[in-house]
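J.: okay, sequence plus prediction incoming.
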Amino acid sequence: MNNELEFLVCATLIGIGATVVMDLWAIFIKRCFGIPSLNYAMVGRWIGHLPSGRFTHESISRATPIRGEGVIGWGAHYGIGIAFAAALLACVGIEWARQPTFLPAAIFGVLSVAAPFFILQPGMGAGIAASKTPQPNTARLRSLMAHASFGVGLFVAAWVVAISHVS
C-alpha cells in the first residue's frame, strides 16, 4: 500500500473507531449516571446555518431547524473524528499507526477539546468553554471527559488497525 493510501485508510479507520469509543462512553455515562450527551442534531443545525453566513447563535435550540440536521450532525461528528485522527497521524507520523503508543493518543484527545471550547460551544450560544451555561465547570468537565475518551479511542482503534495489518 502506498503511503498516501495507507495514511487515508488509517486515518479513516482510527477516526471512526475513536469516535465509536467516544459514543460508547456517552452511552455509558447516560445509562449509569443519567448524564445526557450532546445532541448532534443541534450540531447539524449549527452547520446548516453556516452557508448563510450565520456562525453564532444566541441559542442553537431556538434557531430555525435545518432539514436533515440529525444526519448532518452525526456525519460531521464522524467526519471530525476522522479529521482529528488524520491530524494526529500528520503530527506523529504513520509509523505510530503501525506501532501505536498510548501517550500521543491521550494527549491529542485531551487537546482536541479546544475545538468545542473555542468553535462549537461559542457558535451554538454556550460561550467560550461553556461560559454561558448554567454550570460552566460541569460542562467543561464533561467535554474534557468526552475528549479524553476519544484519546483512549484513538489508541484502541490504532491498536486494532495495527494488529489487523491494515496499515
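T.: Received it, and whenever you're ready, just let me know what you need.
J.: pLDDT below threshold where in this structure?
T.: When residues are selected by pLDDT under 70, those of the chain lie in 166-167.
J.: surely A26 touches S143?
T.: No: applying Cβ atoms under 8 Å, one finds A26 not in contact with S143, separated by 11.5 Å. (Each C-beta comes from the backbone N, C-alpha and C, glycine too.)
J.: and the residue sitting nearest the centre point of the chain, what element?
T.: Nearest residue to the geometric centre of the chain (Cα atoms, centre = their mean): G81, 4.8 Å. Assessed by DSSP states H and E, G81 sits inside helix 69-92.
J.: need the contact list for the nearest residue to V152 once chain neighbours are set aside.
T.: Nearest non-adjacent residue to V152, counting by Cβ to Cβ, 6 or more residues apart in numbering: V21, 6.1 Å away. By Cβ atoms under 8 Å, 6 or more residues apart in numbering, the contact set of V21 is 149-150, 152-153, 156-157.
J.: same check on R140?
T.: R140 neighbours (Cβ under 8 Å, 6+ apart): 117, 129-130.
J.: repeat that for A105.
T.: Contacts here follow Cβ under 8 Å, 6+ apart; on that basis A105 touches 88, 151-152, 154-155, 158.
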